[in-house]
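Student: give me the fold of what follows.
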Amino acid sequence: ISLKAIDMKTLIAGLTQDIDFEYHGKHGAICPFSHSDISLSYDGKEITVESVDLAMSTPFVDGKSLAEVCEELVV
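Tutor: As a prediction, this is how the structure comes out:
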């Protein structure tokens, strides 16, 4: 399943589940604990951001943001 950027943003903002994904054969995850505590991980590296907008715009997937690659992710 691929998600458009707006759908990914809505899913993260819903705070209902972790989102596991694969990109270029490597595993990643988005763990929205709250709207101000979202963990982003990919290929063994993890960062925490303070908003859904930052989750979408911070480059953490091979130097790209979720907004740039979300339609290419295997969710």
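Student: drop to CA atoms for contacts and neighbour counts, all remaining ones
Tutor: Noted.
Student: flag the shaky bits of this structure, pLDDT-wise.
Tutor: 1 (pLDDT under 70).
Student: can you list the buried residues in the longest helix anywhere in it?
Tutor: As assigned by DSSP state H, the longest helix anywhere in the chain is helix 5-13. Residues of helix 5-13 classed as buried by neighbour count (16 or more other C-alpha atoms under 10 Å): 5, 8, 9, 11, 12, 13.
Student: one more: stretch 62-74?
Tutor: Under 16+ other C-alpha under 10 Å, the buried positions of stretch 62-74 are 65, 66, 67, 69, 70, 71, 72, 73, 74.
Student: spit out the contact partners of the third one.
Tutor: Contact partners of residue 67, counting by C-alpha atoms under 8 Å, 6 or more residues apart in numbering, are 5, 56, 57.
Student: over to the fourth one?
Tutor: Contact analysis of residue 69 by C-alpha under 8 Å, 6+ apart lists residue 61.
Student: confirm it sits in a helix?
Tutor: Yes. Under DSSP: H, G, I helix; E, B strand; the rest coil, residue 69 sits within a helix.
Student: all strands of the protein, in order?
Tutor: Assigned by DSSP state E, the strands in the chain fall at 19-23, 26-34, 37-42, 45-49.
Student: the third one pairs with which strands, parallel or anti?
Tutor: This means strand 37-42. In the sheet, strand 37-42 lines up against strand 26-34 (antiparallel), strand 45-49 (antiparallel) (DSSP bridges).
Student: of the buried residues of helix 5-13, closest to residue 22?
Tutor: Relative to residue 22, the closest of these is residue 8; by C-alpha to C-alpha it sits at 14.3 Å.
Student: returning to what we had before: can I get the contacts of residue 67 in TSV with distance to residue 20?
Tutor: Formatted as TSV, the contacts of residue 67 follow (distance: C-alpha to C-alpha, whole Å):
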residue	distance to residue 20
5	15
56	15
57	18
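Student: from those residues, pick the one nearest residue 41.
Tutor: Proximity of those to residue 41 was ranked by C-alpha to C-alpha; the top entry is residue 56 with 12.8 Å.
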